[in-house]
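**Student:** Structure, please.
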Amino acid sequence: MALPLLSLLSLLMNEPLPDRHPARHDDLPAVYGGFAAPGAWLALWRGDAWVCWDASASGCWQRLELAGVVDLPTLRAEFVDRSALIVADRTEGTWLIVRPDPTPRPTRAATTPRHSPRAFGCGAAGVLPIADADGLGFVACDAPPGDALCVRPGRRMPLRPASPLRLRVGLELRALGDWRMPGQAVSAATGVQLLATIGVGLDPGWTSQRRERADLQAQARPVLRALPAPRSRGPLITGELEALRVVVCGGAT
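**Tutor:** Now for the predicted structure:
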């Protein structure tokens, strides 16, 4: 009788315990690149923001250096293209992140990012970002059929072209004592002298200003945007799509 009991205890001791921490988390808060950046994702994981510019590349995840700059709980993000990302938070400040630099740069974006990180049921590119024991990765899933699209009209910003030259003009008024005009033998008690100065200089930071202005103008071009998946069914879906076009693209089709 003792032998079967010992065998049973041995089996129970060798039985693997259940993992209290699941190896995979499908509810990872993320922002998808959409039509502007297919295959690009931003995800929040372990208190940091991570970006993958191309989901088809292995080891694509890169940690962004947002700590102390951007408030992650109120983070909003939007991909401009396959190599640029704009983030914002509750302070209404906006920062530009350009691939592959993980450091955000303050910028005046033409469009305020609207997308907050959320859990995705399936990515529009056919993959879904997940976090497992090995870190961040992707799992394949079926892409939703027939995403609706609209074109957001371009709105060019009235920006002054960047120039390396700096011109400064000044006027200086001086009061002179014992002042005498040429040809006069008697000096006046006081006099006034007006000087005009013109200064020309070269700004060493004009190249960065030109690049920033080009980025802002690129954001103002017409952009093809993917509408969020409608939740209505039947006849109501047409009205919901029209409302989404008004919000995303200003009513343009």
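**Student:** How much space separates the residue nearest to D54 when sequence neighbours are not counted from F79?
**Tutor:** Nearest non-adjacent residue to D54, counting by C-beta to C-beta, 6 or more residues apart in numbering: G39, 5.1 Å away. For the C-beta atoms, the positions are set from N, CA and C on the backbone; glycine is no exception. From G39 over to F79 the distance is 10 Å, taken as C-beta to C-beta, to the nearest Å.
**Student:** which neighbours do those two share?
**Tutor:** Common neighbours of G39 and F79 (criterion: C-beta atoms under 8 Å, 6 or more residues apart in numbering): G33.
**Student:** Those two: which has the busier surroundings?
**Tutor:** F79 (25 against 20; other C-beta atoms under 10 Å).
**Student:** sec struct for that one, please.
**Tutor:** Here F79 is strand, with the state taken from DSSP: H, G, I helix; E, B strand; the rest coil.
**Student:** List the beta-bridge partners for it.
**Tutor:** In this entry, F79 is beta-bridged to L85, by DSSP bridges.
**Student:** wait, it sits on L85?
**Tutor:** Yes - the criterion here is C-beta atoms under 8 Å, and F79 meets it with L85 at 5.4 Å.
**Student:** Give the residues shared as contacts by those two.
**Tutor:** A37, A40, L42.
**Student:** Out of those residues, which is nearest to V223?
**Tutor:** Each of the shared contacts of F79 and L85 was checked against V223 using C-beta to C-beta; the closest is A37, at 11.2 Å.
**Student:** what's the neighbour count on that closest one?
**Tutor:** 22.
**Student:** Could you do the one 5 residues further on as well?
**Tutor:** One way to gauge burial is a neighbour count; for L42, by other C-beta under 10 Å, it gives 26.
**Student:** Quick check, it in contact with P29.
**Tutor:** No - using C-beta under 8 Å as the test, L42 is too far from P29 to be in contact (9.2 Å).
**Student:** Report the set of residues contacting both of the two.
**Tutor:** Common neighbours of L42 and P29 (C-beta under 8 Å, 6+ apart) are P117.
**Student:** what stretches of the stretch 1-150 of the chain score poorly on pLDDT?
**Tutor:** Applying pLDDT under 70 to the stretch 1-150 of the chain picks out residues 1-26, 110, 122-125, 142-149.
**Student:** would you list every one of the helices in it?
**Tutor:** 2-14 (DSSP state H, counting those that start in this stretch).
**Student:** That one: strands as residue ranges?
**Tutor:** Along the stretch 1-150 of the chain, counting by DSSP state E, counting those that start in this stretch, strands occupy 30-32, 41-45, 48-52, 62-63, 76-81, 84-88, 94-98, 105-106, 127-132, 135-140, 149-152.
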